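Novice: coords below, sequence missing:
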């Protein structure tokens with residue numbers, strides 16, 4: 001499948017503004033403006049949610065998850081099993097996105113087997129609740145590499161329990177490179 005989600009305005013997004021699960025191939029998620037919901041605290045907020053897909057590009061999106069301070073957790077771009085197929089060893093290009101979040105927030109999340117080049121993104125996080133990270137990697141793997149370079153990460157979260165970090169990675173740092 002060749003899928004493009006480009007140049008849309010998605011406002012008052014309840015839970016998942018853009019979501020892909022188990023699709024073969026997504027060409028582009030780009031130039032979208034996404035804002036979180038303004039009422040109800042029933043669930044988390046994901047600006048872009050990608051699970052078990054191959055994707056070429058996620059670029060130049062503006063994600064604002066600050067319209068309701070009680071949203072928790074807030075996620076900008078979540079990627080799980082992205083470009084993991086051995087038949088398509090392409091690295092996703094995730095670049096030039098602007099993500100603004102607050103309270104228990106991760107701007108970028110990468111879980112398990114993901115190949116991605118994350119560069120030239122702007123991240124701004126505020127708030128005083130929960131764990132907040134600019135880039136969060138869970139179980140990176142040397143066969144499925146994530147590279148994060150030239151990103152502007154401002155994490156002003158004042159939470160002391162548990163943490164507020166610019167970059168967090170768990171388990172195996174060999175699958176992750178950065179210039180920080």
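Specialist: Alright, I've got the coordinates. Please read all numbers here as calculations on a predicted model, not as lab measurements.
Novice: ok, residue 127 touching residue 105?
Specialist: Yes. In this structure, residue 127 is within contact of residue 105 by CB atoms under 8 Å, at 6.9 Å. For every residue, glycine as well, the C-beta is placed using N, CA and C.
Novice: Compare the two (neighbour count), which wins?
Specialist: Using other CB atoms under 10 Å, the more surrounded residue of residue 127 and residue 105 is residue 105, with 32 against 21.
Novice: Now do the same contact list for the more buried one.
Specialist: By CB atoms under 8 Å, 6 or more residues apart in numbering, the residues touching residue 105 are 65, 73-76, 125, 127, 130, 132-133, 157.
Novice: Spatially nearest residue to it (excluding sequence neighbours)?
Specialist: residue 74 (4.1 Å; CB to CB, 6 or more residues apart in numbering).
Novice: Looking at strand pairing, list the partners for the one you found.
Specialist: Per DSSP bridges, residues listed as beta-bridge partners of residue 74: residue 45, residue 105.
Novice: Give me the common contacts of residue 127 and residue 105.
Specialist: residue 157.
Novice: What does the spatially closest residue to residue 92 that is not a sequence neighbour show for phi and psi?
Specialist: Using CB to CB, 6+ apart and skipping the chain neighbours, the partner closest in space to residue 92 is residue 116 (4.5 Å). Comment: the main-chain dihedrals of residue 116 come out as phi -150, psi 140, following degrees, to the nearest 10.
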